[in-house]
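Trainee: how would this look folded up:
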Amino acid sequence: MSTLLVVGGSGFIGRETCRIGVRDGHDVRSVSRGGRPATDAPWVDRVSWTSADLFRPNAWRDRLDGVDAVIHAVGTTDETPSSGVTFERLNGDSAILTALEAERAGVETYVFLSAAVAPPRARHAYLSAKRRAEAAIADLAFEQVTLRPGPVYGADRPHGSRLLNAGLRLVDSVSPIADRLGESRPLPVETVARAAYRAAIDPGEPLLDVEDIRQLGR
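Mentor: Residues are numbered from 1 along each chain as shown. Coordinates of the predicted model:
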């Protein structure tokens with residue numbers, strides 16, 4: 001079995017990724033600002049949670065010891081610059097910093113959850129920050145896999161209204177409509193998390209688009 005570190009493991013996609021890793025018997029660790037999520041789900045007790053500022057790696061660098069694969073699931077669709085939450089910092093810089101730390105620690109595989117499209121009304125920096133991170137990570141000394149999902153929906157989706165979440169689910173369920181959306185096709189969080197997890201365990205192609213994620217995450 002593998003040792004996995006999910007960066008952002010207390011977040012929307014990160015939590016589901018941790019759950020799948022635990023289910024399959026792996027040693028799962030998480031580093032995130034939020035630490036242990038507020039849920040009574042039994043699998044939570046089997047994850048080693050660390051609450052830390054990613055931009056202060058001295059506080060969490062030891063969590064990389066013995067890790068086989070890192071899954072970066074940090075990101076935001078909303079900015080609050082006064083709190084340091086910007087697309088450039090969360091979607092771009094955090095991925096680059098953690099990738100450099102993973103390379104230094106000798107981690108074999110790094111999985112980056114990027115995006116195919118930007119959310120409605122988001123600044124161009126949402127996507128350009130992720131593309132910048134992709135380019136910076138590409139030549140580091142590990143197996144690297146980038147996932148580019150479209151909009152992700154699920155019961156615990158933190159951003160947007162319940163109506164929007166329900167709308168994304170409905171669109172995905174109507175194949176004639178969803179198939180025509182291409183890279184903008186919504187995907188369930190379970191599918192994206194399974195694809196990220198499987199890419200970490202058995203890395204293949206370095207770049208997975210929406211259809212690749214759908215196939216791998218089934």
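
Trainee: how about the strands in this structure?
Mentor: Along the chain, counting by DSSP state E, strands occupy 3-7, 27-32, 47-51, 69-72, 109-113, 143-147, 152-153, 187-188, 207-208.

Trainee: Report the central residue of the protein.
Mentor: Taking C-alpha atoms, centre = their mean as the criterion, residue 73 is the residue nearest the geometric centre of the chain, at 2.3 Å.

Trainee: Return the residues in contact with that one.
Mentor: Residue 73 makes contact with 6-9, 11, 13-14, 17, 113, 196 under the criterion C-beta atoms under 8 Å, 6 or more residues apart in numbering. Using the backbone N, CA and C atoms, a C-beta is placed for each residue, glycine as well.

Trainee: For residue 12, see how far away the most far-flung residue of the chain relative to its centre is.
Mentor: The centre of the chain is farthest from one residue, residue 176, which by C-alpha atoms, centre = their mean lies 27.9 Å away. Relative to residue 12, residue 176 is positioned 28 Å away (criterion: C-beta to C-beta, to the nearest Å).

Trainee: swap in residue 103?
Mentor: Per C-beta to C-beta, residue 103 is found 26 Å from residue 12.

Trainee: And residue 104, by the same measure?
Mentor: Taking C-beta to C-beta as the criterion, residue 104 is separated from residue 12 by 28 Å.

Trainee: In terms of distance to residue 58, which of the contacts of residue 73 ranks first?
Mentor: Using C-beta to C-beta, the shortest approach to residue 58 within those belongs to residue 7, at 15.6 Å.

Trainee: wouldn't residue 188 be in contact with residue 151 here?
Mentor: No: using C-beta atoms under 8 Å, residue 188 is not in contact with residue 151, being 10.5 Å away.

Trainee: Measure how buried residue 84 is and give me the count.
Mentor: The burial metric for residue 84, expressed as a neighbour count using other C-beta atoms under 10 Å, is 11.

Trainee: nearest to residue 93, of the strands of the chain?
Mentor: The stretch from these with the least distance to residue 93 (C-beta to C-beta) is strand 69-72; that distance is 11.5 Å.

Trainee: What strands line up against the closest one, and which way round?
Mentor: For strand 69-72, the paired strands and their directions (DSSP bridges) read strand 3-7 (parallel), strand 109-113 (parallel).
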